[in-house]
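S.K.: Pasted the sequence and its predicted model underneath.
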Amino acid sequence: MKFAVNKKDSNSKARTGLIETDHGKIQTPIFMPVGTVGSVKGVHQRDLVEDIHAQIILGNTYHLYLRPGLDILKQAGGLHRFINWERPILTDSGGYQVFSLAANRKLTEEGAKFRSHIDGSYHLFTPENVVDTQRIIGADIIMAFDECTPYPCEYKYAEKSMHLTHTWLHRGIRHFNETELIYEHKQSFFPIVQGSVFKDLRIKSAETVAEYNMEGNAIGGLSVGEPAEMMYEMIELVNNILPQDKPRYLMGVGTPANILEGIALGIDMFDCVMPTRNGRNGMLFTRNGILNIKNQKWATDFSLIDAESDSFVDKLYSKAYLRHLFAANEFLGMQIASIHNLHFYLWLVNEARNKINEGTFIEWKNEMVKQFMTRL
């Protein structure tokens, strides 16, 4: 993997860049649609490419390991071939999913023992076998196995968790370096900074991660309930330490405002289920604010969903029709809303790139953050 910073904003830490993988190029800052089980919920791959303009999507090790399983993925030739996706893929190591299943998992220095949410069977994830699993999945960018701490948590717990994450990181990198590629394309390994909302822990974790000099780095354990300003403080702290010549990935974040603020702090990569999850519940993100399509006020509004958007769904359908689909519990409504939201998120990061290149990013960002939070 190659990464080059193309343009730096003079009034913030925002920058544009280019990641090159064997499956294609990724312009940064970028948003990655979440395709947890090898599918971005309700969205066809054709639409991801032709309308949403997704440059990279995300898969999840935990879910793909359980279903369809590694045997099927290996027989298929990896996730790219299995889902017929020719562009880059990133896989999350499953650490967050194991964290979210706290009632059904046990952590030790060896790894994390957990019960499947599908059939209750027991499994063990270790830093080594998570690398092996991601080798079989075949993503272009694979993540270290880590523990994501909850918020709030006590300092002692966060410190112990961070040290466990660092122990796992050392073992994961060693195993990554000792194992061979399964498919013809190269893979890159990203460590993850942890430390909850404690400054000294975040600094220590960022320093530890930076020392490994991997091809990119991630920031985890944020957007788990802490105030937004606290999240921004941690991002700024960590980005002052992580290498500037490596891409920085903020995991699981977030709202359009979060993304713009993250870009201003030097983040290059984002992912979040919010566009599709909120879309399936009738919440649409637009350039003018947030719209709940289920509200009665849209029942007789025959204007286009978003006249400013160039998405095909926004040019085809009215707000009244989309509201009708939701009222009728028609799957097409959830699909249209998901495509709309993903198109908006990719438009957002593309526009941010344009503004950084033009030198007008901060002024535009400050105006847009207020606008995006408006309830229509």
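M.R.: All right, it came through fine.

S.K.: And the residue most central in space within the chain, how close does it get to I89?
M.R.: Most central in the chain under C-alpha atoms, centre = their mean is D271, positioned 1.8 Å from the mean C-alpha point. Taking C-beta to C-beta, to the nearest Å as the criterion, D271 is separated from I89 by 12 Å. (Glycine included, C-beta is placed from N, CA and C.)

S.K.: Next: T300.
M.R.: Distance, T300 to I89, by C-beta to C-beta: 43 Å.

S.K.: try L70
M.R.: In this structure, L70 and I89 are separated by 16 Å, where distance is defined by C-beta to C-beta.

S.K.: And those two? Which one has more around it.
M.R.: The neighbour comparison of L70 against I89 (other C-beta atoms under 10 Å) goes to I89, with 24 against 15.

S.K.: in terms of contact, does the more buried one touch G59 like I think?
M.R.: Yes - because the distance of 5.7 Å satisfies C-beta atoms under 8 Å, I89 is recorded as touching G59.

S.K.: what sits in contact with each of the two?
M.R.: Both I89 and G59 are contacted by 79, 139, under the criterion C-beta atoms under 8 Å, 6 or more residues apart in numbering.

S.K.: Look up the residues that both of D271 and I89 are in contact with.
M.R.: With C-beta under 8 Å, 6+ apart as the test, D271 and I89 both reach L58.

S.K.: can you list the weak-confidence ranges in this protein?
M.R.: Low-confidence segments of the chain, defined by pLDDT under 70: 101-103.

S.K.: If we ignore the residues flanking it in sequence, what's nearest the residue with the largest distance to the centre of it?
M.R.: Each residue of the chain has a distance to the centre, and by C-alpha atoms, centre = their mean the biggest one is for T300: 36.1 Å. In space, not counting the residues next to it along the chain, T300 is nearest to A320; the distance is 5.9 Å by C-beta to C-beta, 6 or more residues apart in numbering.

S.K.: Now do the SS call for the one you found.
M.R.: Reducing the assignment at A320 to three states with DSSP: H, G, I helix; E, B strand; the rest coil gives helix.

S.K.: what about it, neighbour count?
M.R.: As a burial measure, A320 scores 15 neighbours (other C-beta under 10 Å).

S.K.: just checking, D306 touches T286?
M.R.: Yes - taking C-beta under 8 Å as the definition, D306 is a contact partner of T286 at 5.1 Å.
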